[in-house]
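# Provided below for reference: sequence and predicted model.
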Amino acid sequence: MYKRQVWRREFGLLGGLRRWLWFRLGQRFVHPAADALRVDGIAVAAAARGLGVGTQLMAALDTHARAQGLRAVELEVVDTNPDARRLYERLGFVVLKEQHYGRLTAAGGFTGATTMRKELVD
């Protein structure tokens with residue numbers, strides 16, 4: 001669940017509201033594959049970055065997807081988060097498509113996103 005308070009705490013009152021609204025609007029256009037777990041977003045506190053927390057979160061999502069009988073995990077990563085993209089690539093995610101939105105999403109803090117997928121092997 002995405003609580004507005006978290007977005008406000010991380011980005012300030014107006015920045016958090018703007019990002020939350022863009023996020024919610026964007027969810028109306030997302031259609032994950034039937035065989036995949038769709039990750040809408042994860043976040044790691046700045047102080048915990050580089051400690052393996054993101055890797056552990058993604059491993060838990062892989063485990064959850066397998067338990068649900070799914071074959072893959074899908075996500076999008078915005079162009080302003082290259083560290084996350086490098087993490088996902090290191091974990092075996094491959095690029096499905098890249099989209100550039102320009103000014104349409106600039107108010108949300110990004111101008112493009114990359115859809116990625118990781119096949120889960122038994």
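Structure received.
# Now do stretch 74-88: distance from first to last residue.
This stretch, stretch 74-88, spans 10 Å end to end (CA to CA, to the nearest Å).
# any idea how far it is from the chain center?
A distance of 7 Å separates the C-alpha centroid of stretch 74-88 from that of its chain, computed with CA atoms, centre = their mean, to the nearest Å.
# Now do the buried residues in it.
74, 75, 76, 77, 78, 79, 84, 85, 87, 88 (16 or more other CB atoms under 10 Å). C-beta coordinates here come from the backbone N, C-alpha and C atoms, glycine included.
# would TSV of these with distance to residue 32, secondary structure and pLDDT be doable?
As requested, the buried residues of stretch 74-88 are arranged in TSV below (distance: CB to CB, whole Å; DSSP: H, G, I helix; E, B strand; the rest coil; pLDDT from 0 to 100):
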residue	distance to residue 32	secondary structure	pLDDT
74	5	strand	95
75	9	strand	93
76	10	strand	89
77	15	strand	89
78	17	strand	83
79	20	coil	80
84	18	helix	90
85	19	helix	92
87	20	helix	94
88	16	helix	95
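# and those residues, which two are the farthest apart?
Pairwise distances among the buried residues of stretch 74-88 were taken by CB to CB; the largest, 17.6 Å, belongs to 74 and 79.
# Please work out which helix or strand belonging to this structure has the smallest mean pLDDT.
Of all the helices and strands that make up the chain, helix 103-106 has the lowest average by mean pLDDT, DSSP states H and E, namely a mean of 66.
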